[in-house]
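Student: predicted model and sequence follow; I will ask about them next.
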Amino acid sequence: MQGVDTDSTVKNLIYGFKGASFCAKERGDFVLCRATPAGRLGDPELCEGKVANFLQCYHDMVKHTSASCQNQYKGAYDCLKSNFDVKDTSKMVSCKELVDDFASCK
């Protein structure tokens with residue numbers, strides 16, 4: 001099995017970060033649906049609608065931000081990608097502001 005390339009990894013990190021806040025309600029609804037009083041996970045078939053809502057939210061977020069937040073995405077992507085080959089961590093550049101800009105882009 002072949003590993004994931006750096007480009008895909010960076011893209012997934014950026015969209016995953018944005019999706020965590022953008023689709024927080026849908027994710028919370030799914031997690032709550034799966035919870036049981038005993039602290040175990042309930043029957044996943046009962047939560048199919050909740051996970052479908054979460055996946056649709058994530059899909060819509062990616063589709064919308066791919067079209068309207070290209071500059072913010074490029075800034076975050078380029079910054080994160082530039083840190084991948086840095087061996088000396090003291091030379092790494094902080095990308096927090098750029099990633100936050102993308103995450104808050106609507």
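Tutor: Thanks, I have it. Numbers count the residues shown, from 1 in each chain.
Student: quick check: closest non-adjacent residue to Tyr15.
Tutor: Of all residues not flanking Tyr15 in the chain, Val62 sits nearest, at 5.7 Å (C-beta to C-beta, 6 or more residues apart in numbering). Every C-beta, even on glycine, is put in place using the N, C-alpha and C of the backbone.
Student: check which helix or strand that neighbour maps to.
Tutor: Per DSSP states H and E: Val62 is located in helix 48-68.
Student: can you give me the helices in this protein?
Tutor: Remark: helices assigned in the chain by DSSP state H are 6-22, 24-34, 48-68, 70-82, 96-104.
Student: tell me the angle of the first one relative to helix 48-68?
Tutor: Counting by axes from the mean of the first three to the mean of the last three C-alpha atoms, to 10 degrees, helix 6-22 lies at 120 degrees to helix 48-68.
Student: now for helix 6-22, which elements pack on it?
Tutor: helix 48-68, helix 70-82, helix 96-104 (3 or more C-beta pairs under 8 Å, 6 or more residues apart in numbering; DSSP states H and E).
Student: check the longest one too.
Tutor: Using 3+ C-beta pairs under 8 Å, 6+ apart, the elements in contact with helix 48-68 are helix 6-22, helix 24-34.
Student: what's the pLDDT at Phe30?
Tutor: Per-residue pLDDT puts Phe30 at 88.
Student: what number of residues lie near it?
Tutor: 21 (other C-beta atoms under 10 Å).
Student: and it, how far is that from Cys57?
Tutor: 10 Å (C-beta to C-beta, to the nearest Å).
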